[in-house]
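**Student:** Give me a 3D structure for the following:
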Amino acid sequence: MSILVVGSVALDSVQTPFGERDRVLGGSATYFSTSASFFTDVNLVAVVGEDFPEEHTSFLTSRNIDLTGLSRVPGQTFHWKGRYGYDLNEAQTLETHLNVFESFRPVIPEAYADAQYLILANIDPELQMEVLNQVKQPRVVACDTMNFWISSKIEALKKVISRVDFLIINEGEARQLSGEVNLVKAARAIIALGVKNLIVKRGEYGVLMFNGHSVFAAPAYPLEEVFDPTGAGDTFAGGFMGYLANTGNLSDEGIRQAIIFGSVMASFNVEAFSLDRLKTLTYPEIEARYRSFKNMTHFQGVGEL
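**Tutor:** Numbers count the residues shown, from 1 in each chain. Sure, this is the predicted structure:
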């Protein structure tokens, strides 16, 4: 089953303690689509400017990502410039140039309107709602957001959250959205807004999922080298939704497997700048790391204590 993703395609300039890259391929929809493409077909809706390099379009096409919904309009492509210190969990934004993304109004092509799996990447919640209203009867909807929208458009965001199956945000955003410092209390408050499942990304500490009746915790995969965490959360979401769309298994067990596949994909993404690691990644490598993940977290039960 294919996935529809609506979000940003960008050019990023990134500095980390291990190097820097200028105007490389980035954007939430780009990372999500590439990650999900290892599991299923992806349809992408986004906008780029006239300066968007053809080599990036060719790469996305090579991943069998349908670009019918990618508009190229007069102007410059969305550009983000940021820096990470040795604490790779926190990015410092140096420059943000929305450019053509500032006037982005997503129009879902008719061929995409029957999408069963929909990801609303990090865009204005009012636009997320417009997208939701254009897709007829999605089976699964996931959504991301950020601190800017939580502080500036909280009521619009709450309306979106009430209609999605999975809200995927980081722990700082969970605390900001709920007004609670404790993550368990934060999760309870956010689920009360109507979302069925809350997935909290915690960087090098892994992922927590809450759904009102159970909690699932997955660690981050231990790596010797991390070069660039940009897009790790979107890559996680792509692997997560891609696996769900591939299997159609929405049981608790299936969702937990999807979380591990999302974590596997994020662990590969941070091993190089931009999408460089995903460009060379193979499915056997994904399967091998999934098995390693399973062994790493497996432990025997006990009888009576």
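
**Student:** Now do the contacts for residue 105.
**Tutor:** Residue 105 sits next to 127, 130 when contact means CB atoms under 8 Å, 6 or more residues apart in numbering. The way it works is simple: take the backbone N, C-alpha and C, and place the C-beta from them, glycine included.

**Student:** From residue 221, how far off is it?
**Tutor:** 38 Å (CB to CB, to the nearest Å).

**Student:** same thing with residue 83?
**Tutor:** For residue 83, the distance to residue 221 (CB to CB) stands at 24 Å.

**Student:** Between these two, which is the more surrounded one?
**Tutor:** With neighbours defined as other CB atoms under 10 Å, residue 83 and residue 221 compare such that residue 221 has more, 19 against 15.

**Student:** Would you mind confirming that that one is in contact with residue 270?
**Tutor:** No - the pair residue 221 / residue 270 is not scored as a contact, 9.5 Å apart, by CB atoms under 8 Å.

**Student:** and the nearest residue in space to residue 180 that is not next to it in sequence, which of the three is it?
**Tutor:** Leaving aside its sequence neighbours, residue 180 sits nearest to residue 186 (CB to CB, 6 or more residues apart in numbering; 4.1 Å). Secondary structure state of residue 186, per DSSP: H, G, I helix; E, B strand; the rest coil, is helix.

**Student:** Would you check that residue 186 makes contact with residue 173?
**Tutor:** No - checked against CB under 8 Å, the pair residue 186 and residue 173 is beyond contact range at 9.6 Å.

**Student:** Bridged to residue 93, which residues?
**Tutor:** Applying DSSP bridges to residue 93 gives these bridge partners: residue 82.

**Student:** what's the burial count for it?
**Tutor:** Number of residues near residue 93 (other CB under 10 Å) recorded here: 9.

**Student:** quick one, helices of the stretch 1-150 of the chain?
**Tutor:** Under the criterion DSSP state H, counting those that start in this stretch, the stretch 1-150 of the chain contains helices at 28-36, 54-62, 125-134, 147-152.

**Student:** what helices or strands is the last one leaning on?
**Tutor:** Applying 3 or more CB pairs under 8 Å, 6 or more residues apart in numbering; DSSP states H and E, one finds that helix 147-152 makes contact with helix 154-161, helix 171-178.

**Student:** got a list of contacts for the first one?
**Tutor:** It stands for helix 154-161. Defining contact as CB under 8 Å, 6+ apart, one finds that helix 154-161 is touched by 120, 124-126, 128-129, 132, 143, 145, 149-150, 167, 177, 190, 193-195.

**Student:** Going by neighbour count, which of those residues are buried?
**Tutor:** 120, 124-125, 128-129, 132, 143, 145, 149-150, 167, 177, 190, 193, 195 (16 or more other CB atoms under 10 Å).

**Student:** Among those, which one sits closest to residue 93?
**Tutor:** Distance to residue 93 across the buried ones among the contacts of helix 154-161 (CB to CB) is lowest for residue 149, with 14.9 Å.

**Student:** Am I right that that closest one is in contact with residue 124?
**Tutor:** Yes - between residue 149 and residue 124 there is a contact at 6.8 Å, judged by CB under 8 Å.

**Student:** buried residues in the helix or strand of the chain with the lowest mean pLDDT?
**Tutor:** The helix or strand of the chain with the lowest confidence, counting by mean pLDDT, DSSP states H and E, is strand 91-97 at a mean of 89. By neighbour count with 16+ other CB under 10 Å, strand 91-97 contains the buried residues residue 91.
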